[in-house]
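The amino acid sequence is not available; the structure is as follows:
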């Protein structure tokens, strides 16, 4: 026992010498130098999880996509308001038909709103909607035309209040107006809806029987899913902005619709590999939460911006598609009700379309 105790004291003394030396050095430092040292430790502690997350996303982007992870012919493209307000005509539609020929585009989300803040839809905002639905059905047989309705919502914005029953009734009436114009479905894009909103789910429960009764579709655009558990709560607490949904709320929404399109852009990812890895991870999370009989579409950025939330050099169509293919191949390669959504036609470049065709269609 004496030998063991002496050995323990020697080990303890050996370990303590560096600590005593460090303490002595610390006492000799100036207050300014001590502050810098503490700041360095804090930065290192905060940077560790960020670095780990970046490494995880980079690993998500590793490997080769499966050759089978290609279009199922269930893709979509968001179309701007010019198609229903008189700025576009027959020649433009002929060009669109040529553009879409040989692709996997099945749905057109045509901006037919915006809704008023009370949920109503003035006919004056879409004077050429009937022309478009009739012409598109003639020129693009087999392609569905959905009326895209949206608005900003409370509590983050002083706009549409989905927790208000009369407002939901007016939105439902607006959906009927759109269907009366010959649209094959209603596509809601209302932002930013915070996870937990009962009004949003109630609206979907109210509109779904309307679209189903007409033999049409109910489709929604959805935020990205929390990359880390509870991240949406942290984001709202720190910035007041709800960027993500938790996976459970995403699933609640997906069960109430025919089609859900994830807005997987404006990710703040600073490089192509991180954006692609992020898309792969989002694809897996969304596949896990979406019923197999519901169309799941992953959004792709057909536009260029260069700012904090969207780095144009990083959020490329090529990287986005590769990420989607990797996520699909890892989680549910043979999911049939799956596609990509292209946002948006009026900002798209020839390179965007070429990357979509080469990366996803061929």
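In hand now; what should we look at? Everything numeric in this text was worked out from a predicted model, so none of it was measured.

Poorly predicted segments of the stretch 151-300 of the chain, please.
By pLDDT under 70, the low-scoring segments of the stretch 151-300 of the chain are 230-242.

mind listing the strands for it?
Listed in chain order, the strands of the stretch 151-300 of the chain (DSSP state E, counting those that start in this stretch) span 185-191, 217-222, 224-225, 244-245, 259-262, 295-301.

For residue 68, find the nearest of those strands.
When the strands of the stretch 151-300 of the chain are ranked by distance to residue 68, counting by CB to CB, first place goes to strand 295-301 at 16.3 Å. (C-beta placed from N, C-alpha, C; glycine too.)

contact partners of that closest one?
Strand 295-301 is touched from outside by 74-76, 219, 221, 254, 258-266, 279, 282-283, 286-287, 290, 310, 315-317, 320-321, 324, 327, 335, 337-343, 356, with contacts defined as CB atoms under 8 Å, 6 or more residues apart in numbering.

Just those: which are in helices?
Within these, residues falling in helices by DSSP state H are 254, 279, 282, 283, 286, 287, 317, 320, 321, 324, 327, 356.

Count residues in the vicinity of the last one, would you?
The local packing count at residue 356 equals 26, with neighbours defined by other CB atoms under 10 Å.

same deal with the first one?
Residues near residue 254, counting by other CB under 10 Å, number 21.

Please apply the same query to residue 93.
Residues lying near residue 93 (other CB under 10 Å) number 18.

what does residue 297 give?
Close neighbours of residue 297, defined as other CB under 10 Å, add up to 28.

so who does the spatially most central residue of the chain touch?
To find the centre residue of the chain, average its C-alpha atoms and take the closest one (CA atoms, centre = their mean): that gives residue 263, at 2.4 Å. Residue 263 makes contact with 221, 222, 223, 224, 299, 343, according to CB under 8 Å, 6+ apart.

So among the contacts of strand 295-301, which ones count as buried?
The neighbour-count test (16 or more other CB atoms under 10 Å) marks 74-76, 219, 221, 254, 258-266, 279, 282-283, 286-287, 290, 310, 315-317, 320-321, 324, 327, 337-343, 356 as buried among the contacts of strand 295-301.

What separation do you get for residue 336 and residue 71?
Plainly put, residue 336 is 11 Å away from residue 71 if you go by CB to CB, to the nearest Å.

which parts of stretch 187-196 are buried?
Of the residues in stretch 187-196, 187, 188, 189, 190, 191, 192, 193, 194, 195 count as buried by neighbour count, 16+ other CB under 10 Å.

ok so residue 134 is a strand residue?
No. Under the criterion used here (DSSP: H, G, I helix; E, B strand; the rest coil), residue 134 is helix, not part of a strand.

and the closest residue to it other than its chain neighbours, what is it in contact with?
If you skip the residues right next to it in sequence, residue 134 has residue 182 as its closest partner in space, 6.2 Å away by CB to CB, 6 or more residues apart in numbering. Contact partners of residue 182, counting by CB under 8 Å, 6+ apart, are 129, 130, 133, 134, 137, 145.

Now with 10 Å, please.
Contacts for residue 182 were tallied using CB atoms under 10 Å, 6 or more residues apart in numbering; they are 129, 130, 131, 132, 133, 134, 136, 137, 145, 147.

among these, which ones are buried?
In the contacts of residue 182, the ones that pass as buried (16+ other CB under 10 Å) are 129, 131, 132, 133, 136, 145, 147.

need the contact list for the fourth one.
By CB under 10 Å, 6+ apart, residue 133 lies in contact with 83-84, 108, 110, 112, 145-147, 178, 181-184.

Reformat those as a markdown table; add distance to residue 275.
Listed next are the contacts of residue 133 as a markdown table, based on distance: CB to CB, whole Å:
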| residue | distance to residue 275 |
| --- | --- |
| 83 | 29 |
| 84 | 32 |
| 108 | 26 |
| 110 | 28 |
| 112 | 31 |
| 145 | 31 |
| 146 | 27 |
| 147 | 31 |
| 178 | 34 |
| 181 | 37 |
| 182 | 38 |
| 183 | 33 |
| 184 | 32 |
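
Among the residues you listed, which one sits closest to residue 62?
Closest approach to residue 62 among these (CB to CB): residue 108, at 35.0 Å.

beta partners of that closest one?
residue 77, residue 145 (DSSP bridges).

I'd assumed residue 148 was in contact with it.
Yes. With contact defined as CB atoms under 10 Å, residue 108 counts as touching residue 148 (8.9 Å).

Can you work out which residues contact both of the two?
Contact criterion CB under 10 Å, 6+ apart; residues bridging residue 108 and residue 148 by contacting each: 78, 79, 183, 185, 187.

Nothing else from me, thank you.
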